[in-house]
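Enquirer: Following is a predicted model, sequence given first.
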Amino acid sequence: MTGVVRSPAGHLGLGRRESPQRNHIPGESSMWFFVIGDLIIFGAYFVAYVYYRGQQPDLFLESQARLNLDIGAANTVVLLTSSLFVALGTSAARSGRTATGVRLFGIALALGAAFPVLKLFEYVPEIVAGVTPGTNLFFMYYFVMTGLHLCHVMLGLVILCFVLRNLRGPAAPKISFVETAATYWHMVDVLWLVLFALLYVMR
Amino acid sequence: MSDAVATAPPPTEPAQPRRRSRKLDQWIAFGTVPFFFTLFGIVFVPLSWMMPPRSPSSSSSQIVEFMQSHNLLIACAILTLSFGLAPLSNAVYLTQIKRMSVSPVFRYSLMVGAMSGAIVGMLFPMFCFGLGSFRDGYDPAILAMLYDFGYLAYIGSLGCFCVMWMSFGLAIILDKNNVLPKWLGYYTVWQYVTELMAAPVWISTSGPFAWNGLMTFWFAMVIYVPWQIIVYVCIYRSIKNQPDRELENA
């Protein structure tokens, strides 16, 4: 993508040096279709959640108090930091500093991989204590939404592995793929922020 | 046949009528798809009111009234008869998927997923509902069980469809021949997500996660119905753009 977009700038040269970068949509457009659609779908789920929460506010508040806020907050920090490293890695890869990009994406992947591990430490004690999706509507929402998000994280980790392979490969790295992956990872991040706010923090 | 012997200029001319007829098989199978889905819609909604799903917490008398209705028997008979059209629509999709540059594993997973999914997701409920309305005077408890069986099989037949959507979606995304647009692949992945969302129907008997709930049924429908129409249009374009040399019945 970038290669294609940049080349006309080279030809036109004068005065338009900035515009290709500005007009350029990072990554593949089909990924943007996915991201926007996914946000709409999750948005609908969030609205439904808030609606049902409004029906039984006491039950939701009581159940919410039983969640492990510390692990939730730790996961937020982990995911945000990981996203930061993905952004730094993408910019490094764009400017041709591939080795730095590999290192930054490696850190992002390690931080991202901590997310499911922390989630495990959150889920297992809850399930052992008898808190399951069948407990009440809040926990159904909690397990379904965080579980769905966890699937997104797992897929994101696989994609990050492919980014590393792409950057370390013998051929020149495909920047559009790096950008596509970064776009996806940021979406996972945004979804978690809203999930965390709705499920853990909202009073 | 004499064309083959003829010299250079003629081939363009006889190719024209032949090209149309050479995709006729695909077009006929393709034409059955809207017929099937229209029939599907009519039978499910206005004829029997099986859909939208009735509540899992319906009272015994409501269940008996529904399960013993005459229209339900007719609906089930029509569906078990026309059920054979489902393989035809899948055949059209599979013919196009075969052109993709992906492992045949995707295609076979889709095929088997669609088959087993149709058995659990369609034949099981049809037999349950049809059986309930077949004879008068069944014990209400038996009818309630058939009712649960029917709806759980219909909405909660998860695994086969998960595999089916995922292999369809991944095949489109990984394909390098651009047989179907990439965004359709991502759309198909959402279908997979809606199947995951339907898992709680095995736990909830009321509210948004029950089999007639907002989260498990209505959101899934909002995604599924446009998907079915969009896939139809995309497959149409894909068949139209298929070059003659890629046809297998040449």
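Expert: That came through fine.

Enquirer: okay, and for the chain, where does confidence drop off?
Expert: This is for chain A. Along chain A, segments meeting pLDDT under 70 span A:1-23.

Enquirer: Correction: the question concerned chain B.
Expert: Chain B contains residues with pLDDT under 70 at B:1-21, B:250.

Enquirer: what's residue B:25 in contact with, if anything?
Expert: Going by C-beta atoms under 8 Å, 6 or more residues apart in numbering or on different chains, residue B:25 touches residue B:249. Glycine gets a C-beta too; all of them are placed from N, C-alpha and C.

Enquirer: and it, which of the three is it?
Expert: helix (DSSP: H, G, I helix; E, B strand; the rest coil).

Enquirer: Run through the residues of chain A sitting next to chain B.
Expert: Taking C-beta under 8 Å from any C-beta of the partner chain as the contact definition, chain A meets chain B at A:28-31, A:33-34, A:37-38, A:41, A:44-45, A:48, A:52, A:133-134, A:137, A:140, A:144, A:147-148, A:151.

Enquirer: can you give me phi and psi for residue B:83?
Expert: phi -60, psi -30 (degrees, to the nearest 10).

Enquirer: Return the residues in contact with residue B:181.
Expert: Residue B:181 neighbours (C-beta under 8 Å, 6+ apart): A:30, B:172, B:234.

Enquirer: Provide the secondary structure category for the residue lying closest to residue B:56 once chain neighbours are set aside.
Expert: Distances taken as C-beta to C-beta, 6 or more residues apart in numbering or on different chains put residue B:205 closest to residue B:56, at 4.6 Å, once the chain neighbours are dropped. Assigned by three-state DSSP, the conformation of residue B:205 is coil.

Enquirer: Does residue B:205 touch residue B:148 like I think?
Expert: No - assessed by C-beta atoms under 8 Å, residue B:205 is found out of contact with residue B:148, at 9.4 Å.

Enquirer: any shared contact partners between these two?
Expert: residue B:56.

Enquirer: So for these two, which sits in the more crowded spot?
Expert: residue B:148 (15 against 12; other C-beta atoms under 10 Å in any protein chain shown).

Enquirer: tell me the SS of the more buried one?
Expert: Classified using three-state DSSP, residue B:148 is helix.

Enquirer: how close does it get to chain A?
Expert: Distance of residue B:148 to chain A, computed by C-beta to the nearest C-beta, to the nearest Å: 17 Å.

Enquirer: For the nearest residue to that residue once chain neighbours are set aside, what are phi and psi?
Expert: Nearest residue to residue B:148, sequence neighbours excluded (C-beta to C-beta, 6+ apart): residue B:56, at 7.1 Å. Main-chain dihedrals, residue B:56, degrees, to the nearest 10: phi -70, psi -20.

Enquirer: Now do the same contact list for residue B:56.
Expert: Listed by C-beta under 8 Å, 6+ apart, the contact set of residue B:56 reads B:148, B:151, B:204, B:205, B:206, B:210, B:211, B:212.

Enquirer: repeat for residue A:38
Expert: A:152, A:187, A:191, B:190.

Enquirer: Name the helix or strand for residue A:50, please.
Expert: Counting by DSSP states H and E, the element that carries residue A:50 is helix A:29-55.

Enquirer: No more questions from me, cheers.
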